[in-house]
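Enquirer: the following comprises the amino acid sequence and a computationally predicted model.
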Amino acid sequence: MTEVSPNWNEFYGQEVATKLSFFSKEGRIYDCLFSQQFDRALLDRMFAVADKMRRIAQTKEGADFLSSLLSHKRAMLYFVQPSTRTFLSFLNACHILGLKASEIRDTNTSSEIKGESPEDSVRTFSSYVDLIIMRHPVPGFVEKTAWVMNRAKRPVPVINGGSGKDQHPTQALLDVYTLTSCLKDGVDGKTIVMVGDLKRGRTVRSLSYLMKNYKGVRLIFVSPPQLKMERDILDFLSRHLIPYRETDSLEPVLREADAIYMTRIQDEHDTAGESRNVDYSKFCLRTQDLAVIKKTCIIMHPLPRRDEIELTVDEDDRAVYWRQERNGMWARAALIAHIFRVEDQILKRA
Ligand code: NCD
């Protein structure tokens, strides 16, 4: 392992690439914090594990086998920012593997209300559990937890279930799992159109990072001018020679898309109602658009949606967001299996 700064701010300020080894052990992910931690071989392996688990779980005997794998482990879900899918899919991923889970969903119900620092609170969890899965409104807080836990006497792995407007790596994992399984011949060579609040949407940020693992992918970013993709992501794409284009007009690019990734406006990140004046109606997918897009194009959304996708679009076979949601549980179960090194047992099972 590389020399690790004992000073958090110094550590946090480093390039992600230089920090990755601190969050892995013996060549595998230990804390899952950033999309940049996944390479192609690992992604393919995660998806093979997820596929295999789904098949195994179809029988009671198979489901019992899976839930015996980690029945000696306990997980803590610390979700102090609203969540439905990510929370439930992680909880059920734990159930699939037999991990017992406890939860905190509101700092008002923890000792933070008595003045305990969030750092002391998370340290407390490590006394009781073997895995922390965390969603937090402050970018960097999940990383800080992993940094604290890794240096503790009893280290505990940490998974990022969404950190402010920064990253949501397991969403990106399930998104690529969905792209891989729903697109004919996989992700290589495809054109992916990401639509909406790209500035503050952590899902599109994390998904963009993962694109470095695929050949010949083109990205088209469609957003209101005030909510464009941030420079750090664009620089990352340029460094990895991934072509991208930016526009504020959805209609003309629809026919180019192999996948359309819709997102909602992230107005919880407004500090002074900045997005109140954005005309989001131009960043919505309607039934009439279905006639324009390719027959093989898939429509995705991390959910929850507001009006970005007309309800009638749900009936179209190309709308895969409900499948995408279910994929989340299996992709997250595969990640947990990887962290606890039981994926070989899953892959080897007949
Ligand atoms: C996303 C999130 O929380 O960032 N939701 C999710 O995890 N499925 C997207 C969103 O809230 O818009």
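Expert: On my side now, so go ahead.
Enquirer: for the nearest residue to H240 once chain neighbours are set aside, give me phi and psi.
Expert: Excluding its sequence neighbours, the residue lying closest to H240 (CB to CB, 6 or more residues apart in numbering) is K212, at 4.4 Å. To be clear about C-beta, it is placed using only N, CA and C from the backbone, and glycine gets the same treatment. For K212, the backbone dihedrals (degrees, to the nearest 10) come out as phi -60, psi -20.
Enquirer: contacting residues for K212?
Expert: Contact partners of K212, counting by CB atoms under 8 Å, 6 or more residues apart in numbering, are 36, 236, 240, 242.
Enquirer: and the pLDDT for the second one?
Expert: Note for F236: predicted pLDDT of 97.
Enquirer: I'd say it and M211 touch.
Expert: No. Counting by CB atoms under 8 Å, F236 stays clear of M211, with 9.3 Å between them.
Enquirer: tell me how many other residues crowd the closest residue to L250 other than its chain neighbours.
Expert: In this structure, L250 finds its nearest non-sequential neighbour in V222, 4.9 Å apart by CB to CB, 6+ apart. Using other CB atoms under 10 Å, V222 has 27 neighbouring residues.
Enquirer: would you agree V222 is in contact with V253?
Expert: Yes. Applying CB under 8 Å, one finds V222 in contact with V253, separated by 6.3 Å.
Enquirer: okay, and the common contacts of those two?
Expert: By CB under 8 Å, 6+ apart, the residues touching both V222 and V253 are 193, 247.
Enquirer: ok so, going back, for the residue nearest to L250, give me its contacts.
Expert: 193-196, 246-250, 253, 283.
Enquirer: for it, which residues make a bridge with it?
Expert: V195, T247 (DSSP bridges).
Enquirer: how near is it to E256?
Expert: Between V222 and E256 the computed distance is 11 Å (CB to CB, to the nearest Å).
Enquirer: also H136?
Expert: Using CB to CB, we find H136 at a distance of 37 Å from E256.
Enquirer: pick out whichever of those two has more residues nearby.
Expert: H136 (24 against 14).
Enquirer: surely that one is in contact with I159?
Expert: No. At 12.0 Å, H136 and I159 do not qualify as touching, with contact defined as CB under 8 Å.
Enquirer: re the thing from before, who's more crowded, F236 and M211?
Expert: Of the pair F236 and M211, M211 is the one with more neighbours under other CB under 10 Å, namely 22 against 18.
Enquirer: any idea how far the nearest residue to that one once chain neighbours are set aside is from the ligand?
Expert: Excluding its sequence neighbours, the residue lying closest to M211 (CB to CB, 6+ apart) is V217, at 5.0 Å. For V217, the distance to the ligand equals 21 Å [CB to the nearest ligand atom, to the nearest Å].
Enquirer: one more: D51?
Expert: 21 Å.
Enquirer: for that residue, what are its contacts?
Expert: The contact partners of D51, by CB under 8 Å, 6+ apart, come to 181, 330.
Enquirer: may I see the buried residues of the stretch of helix or strand it belongs to?
Expert: Assigned by DSSP states H and E, D51 belongs to helix 40-56. Within helix 40-56, the residues that qualify as buried by neighbour count (16 or more other CB atoms under 10 Å) are 42-43, 45-47, 49-54, 56.
Enquirer: distance from stretch 29-42 to the middle of the chain?
Expert: Counting by CA atoms, centre = their mean, to the nearest Å, stretch 29-42 is centred 11 Å from the centre of its parent chain.
Enquirer: hmm, stretch 64-79 touching the ligand?
Expert: No. Interface with the ligand: stretch 64-79 contributes nothing (CB under 6 Å from any ligand atom), its closest point being 10.3 Å away.
Enquirer: can you offset everything so residue one is 270?
Expert: New numbering, starting at 270: the last item is stretch 333-348.
Enquirer: and that stretch, which residues are buried?
Expert: For stretch 333-348, by 16+ other CB under 10 Å, it's 334-336, 338-339, 342-348.
Enquirer: what's the answer for stretch 283-294, then?
Expert: Neighbour-count burial for stretch 283-294 [16+ other CB under 10 Å]: 285, 288-289, 291-292, 294.
Enquirer: and the lowest-mean-pLDDT helix or strand in the chain, what does it pack against?
Expert: Least confident helix or strand of the chain, by mean pLDDT, DSSP states H and E, is helix 387-394 with a mean of 83. Secondary-structure packing of helix 387-394 (3 or more CB pairs under 8 Å, 6 or more residues apart in numbering; DSSP states H and E): strand 343-348, strand 400-405, helix 410-419.
Enquirer: mean pLDDT for these - can I get that in a markdown table?
Expert: Shown next, in a markdown table, are those (pLDDT from 0 to 100):
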| stretch | mean pLDDT |
| --- | --- |
| strand 343-348 | 96 |
| strand 400-405 | 96 |
| helix 410-419 | 93 |
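Enquirer: and the residue nearest to H509, how close does it get to the ligand?
Expert: 21 Å.
Enquirer: that residue and R354, how far apart?
Expert: 25 Å.
Enquirer: now do R555
Expert: Taking CB to CB, one finds R555 at 24 Å from R354.
Enquirer: which of those two has more residues huddled nearby?
Expert: Taking other CB under 10 Å, R555 and R354 do not tie; R354 has more neighbours (17 against 13).
Enquirer: run a quick neighbour tally on T540.
Expert: 5.
Enquirer: helix/strand/coil for Y530?
Expert: strand (DSSP: H, G, I helix; E, B strand; the rest coil).
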